[in-house]
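> only geometry, no sequence info:
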């Protein structure tokens with residue numbers, strides 16, 4: 001042993017003097033020309049210094065490239081000039097400074113894959129108790145962001161979920177938003193409690209709150225609407241402002257901006273005023289069911305009740321007509337595509353403007369006329385309301401009939417008396 005050590009010492013000194021490579025082996029082979037030290041063995045290994053993390057940290061002025069084995073982490077480590085970095089670990093894949101990494105077996109039999117970014121654990125892939133895989137994204141604001149530029153400007157906003165390219169991209173302080181779709185809620189900055197599902201759904205919204213938008217381009221141009229609901233491709237897509245409105249159906253929309261508490265139900269249905277419900281588009285020819293429509297009519301909720309409904313005088317001013325509804329003119333007024341070549345079926349009814357004039361002539365606030373609320377709105381008639389003045393007219397005719405009957409009875413009595421006096 002002593003002889004071997006002396007031989008090795010002599011070889012090292014000789015190599016240092018003549019700047020040659022050193023070979024350590026048992027077969028007498030020379031060192032490789034590219035190596036300063038060539039160690040060769042077929043049945044033994046080479047041990048480098050083994051130490052704990054605490055011991056490693058006590059090394060004074062460690063040289064760049066210094067190599068040790070960390071017994072705490074069970075990993076080879078080398079000095080990269082600034083920090084101790086792991087070398088070829090099967091458990092960790094890390095960047096140069098070690099603060100961004102992917103690791104397994106953080107603890108004994110951990111069975112989890114952990115993803116760290118800039119020193120903080122951001123994502124963990126693990127199984128639940130039943131063996132189902134679960135990907136957990138962790139951050140201070142408890143938001144989940146998946147997709148290129150999704151939530152890229154989020155600062156203090158919290159509890160957001162954004163899935164899709166540029167989804168929730170401009171949001172900074174908005175919270176409790178649920179977004180699925182490319183660019184959905186992409187311009188939002190402060191809006192909160194919104195649900196946007198579909199490509200470009202609510203893409204222009206900035207500060208609007210508590211809206212639900214489901215369908216590609218639904219509520220697309222709404223910027224600050226509140227509590228609107230749109231379901232269907234491009235449902236409610238044209239309006240910029242509005243509150244408490246509901247649009248259900250393909251391109252269900254409004255003809256103007258700023259309406260409140262209105263509902264458009266059906267493909268291409270369109271509201272024209274606030275506090276209004278529209279069912280179907282201009283092509284619909286039948287709306288019905290198996291029961292008549294019921295209006296609330298409870299004495300407990302009625303006040304200032306008056307018996308001032310005109311009868312015959314109002315009814316006699318009305319002009320019953322038949323007509324053909326020009327559906328393309330309606331579409332044109334709604335800003336929709338003109339179709340043409342539709343059935344010219346005859347309809348029976350009245351002209352709303354004529355009914356309005358008849359009511360005004362009788363100083364009658366007739367609720368059967370639905371007058372326009374704005375320049376974009378249409379006239380309409382509530383035909384069920386006509387039953388009220390018709391009932392009054394029948395009552396007037398009945399009273400007149402009773403008077404005529406009484407007069408006739410009196411005349412018959414007089415005739416009978418005259419006949420008896422002959």
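That came in fine, so what should we check first? On a predicted model such as this, the values are computed, not experimentally measured, just so you know.
> Which residue is the nearest non-sequential neighbour of residue 128?
Using C-beta to C-beta, 6 or more residues apart in numbering and skipping the chain neighbours, the partner closest in space to residue 128 is residue 134 (5.4 Å). The C-beta positions use only the backbone N, C-alpha and C, and glycine is treated the same way.
> Counting by contacts, list what the helix or strand hosting residue 360 packs against.
Using DSSP states H and E, residue 360 sits in helix 352-361. If contacts are counted by 3 or more C-beta pairs under 8 Å, 6 or more residues apart in numbering; DSSP states H and E, helix 352-361 sits against helix 312-317, strand 369-370, strand 380-381.
> OK, contacts around the residue nearest to residue 128?
For residue 134, the contact set (C-beta atoms under 8 Å, 6 or more residues apart in numbering) comprises 125-128.
> by contact count, what packs against the lengthiest helix in the chain?
Counting residues, the longest helix in the chain under DSSP state H turns out to be helix 387-421. Helices and strands touching helix 387-421, by 3+ C-beta pairs under 8 Å, 6+ apart, are helix 312-317.
> List the buried residues for stretch 150-162?
The neighbour-count criterion (16 or more other C-beta atoms under 10 Å) identifies 150-151, 154, 157, 160-162 as the buried residues of stretch 150-162.
> with those in mind, which one is nearest to residue 390?
For those, the residue nearest residue 390 by C-beta to C-beta is residue 161; the value is 57.7 Å.
> coming back round to it: what pLDDT, on average, does the longest helix of the chain get?
Per-residue pLDDT values over helix 387-421 give a mean of 94.
> All the helices of the stretch 201-350 of the chain, in order from the start?
Remark: helices assigned in the stretch 201-350 of the chain by DSSP state H, counting those that start in this stretch are 312-317, 327-333.
> Now do the last one: everything it contacts.
By C-beta under 8 Å, 6+ apart, the surrounding residues in contact with helix 327-333 are 255, 281-283, 337-340, 342, 376, 378.
> can these go into a markdown table with extra columns for neighbour count, distance to residue 103 and pLDDT?
Putting the contacts of helix 327-333 into a markdown table (neighbours: other C-beta atoms under 10 Å; distance: C-beta to C-beta, whole Å; pLDDT from 0 to 100) gives the following:
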| residue | neighbour count | distance to residue 103 | pLDDT |
| --- | --- | --- | --- |
| 255 | 21 | 59 | 93 |
| 281 | 21 | 59 | 95 |
| 282 | 21 | 64 | 92 |
| 283 | 14 | 62 | 92 |
| 337 | 10 | 59 | 89 |
| 338 | 10 | 65 | 89 |
| 339 | 11 | 63 | 85 |
| 340 | 8 | 68 | 78 |
| 342 | 13 | 68 | 69 |
| 376 | 18 | 62 | 92 |
| 378 | 16 | 67 | 95 |
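> Make TSV out of those and add distance to residue 189.
Below are these laid out as TSV (distance: C-beta to C-beta, whole Å):
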residue	distance to residue 189
255	29
281	35
282	38
283	40
337	35
338	39
339	41
340	45
342	45
376	30
378	37
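> ok, back up a step: which one of the helices and strands packed on helix 352-361 lies nearest to residue 29?
Using C-beta to C-beta, the nearest of these to residue 29 is strand 380-381, at 103.7 Å.
> in its sheet, what does the closest one sit against?
Here strand 380-381 has these sheet partners by DSSP bridges: strand 369-370 (antiparallel).
> lowest-confidence stretch among the helices of the stretch 201-350 of the chain?
helix 327-333 (a mean of 92).
> And it, what's buried?
327-328, 330-331.
> now swap in stretch 239-248 and tell me
For stretch 239-248, the neighbour count (16+ other C-beta under 10 Å) marks 239, 241-248 as buried.
> Now the terminal residues of it, how far apart.
14 Å (C-alpha to C-alpha, to the nearest Å).
> quick revisit: I'd like the buried residues of helix 327-333 as JSON lines, with distance to residue 78 appended.
Putting the buried residues of helix 327-333 into JSON lines (distance: C-beta to C-beta, whole Å) gives the following:
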{"residue": "327", "distance to residue 78": "80"}
{"residue": "328", "distance to residue 78": "80"}
{"residue": "330", "distance to residue 78": "79"}
{"residue": "331", "distance to residue 78": "75"}
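> ok, so of those, who is nearest residue 94?
Set against residue 94, the nearest of these by C-beta to C-beta is residue 331 (63.8 Å).
> quick one on the thing from earlier: just the ones of the buried residues of stretch 239-248 in strands?
Within the buried residues of stretch 239-248, residues falling in strands by DSSP state E are 246-248.
> nearest to residue 410, of the residues you listed?
Nearest member of these to residue 410, counting by C-beta to C-beta, is residue 246, at 63.8 Å.
> thought the closest one was touching residue 263?
Yes. Counting by C-beta atoms under 8 Å, residue 263 is a contact partner of residue 246 at 4.3 Å.
> Now do the contacts for residue 157.
The contact partners of residue 157, taken as C-beta under 8 Å, 6+ apart, are 141, 143, 171-175, 177, 192.
> next one: residue 276
The contact partners of residue 276, taken as C-beta under 8 Å, 6+ apart, are 259, 262-263, 373.
> Kindly present the residues you listed as a markdown table, with separate columns for neighbour count, pLDDT and distance to residue 223.
What follows is those, written out as a markdown table (neighbours: other C-beta atoms under 10 Å; pLDDT from 0 to 100; distance: C-beta to C-beta, whole Å):
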| residue | neighbour count | pLDDT | distance to residue 223 |
| --- | --- | --- | --- |
| 259 | 25 | 95 | 15 |
| 262 | 22 | 97 | 18 |
| 263 | 18 | 97 | 21 |
| 373 | 14 | 94 | 23 |
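> Farthest-apart pair in the residues you listed, please.
Longest span within the contacts of residue 276, C-beta to C-beta: 263 and 373, 15.1 Å.
> nearest to residue 216, of the contacts of residue 276?
Closest to residue 216 out of the contacts of residue 276 is residue 263 (21.1 Å), distances taken as C-beta to C-beta.
> Distance of that closest one relative to residue 241?
Shown here: residue 263 relative to residue 241, a distance of 17 Å by C-beta to C-beta, to the nearest Å.
> same thing with residue 57?
Distance, residue 57 to residue 241, by C-beta to C-beta: 63 Å.
> same deal with residue 387?
Taken as C-beta to C-beta, the span from residue 387 to residue 241 is 39 Å.
> ditto for residue 395
48 Å.
> One more: residue 189?
Using C-beta to C-beta, we find residue 189 at a distance of 17 Å from residue 241.
> Over to residue 200?
Computed as C-beta to C-beta, the residue 200 to residue 241 distance reads 19 Å.
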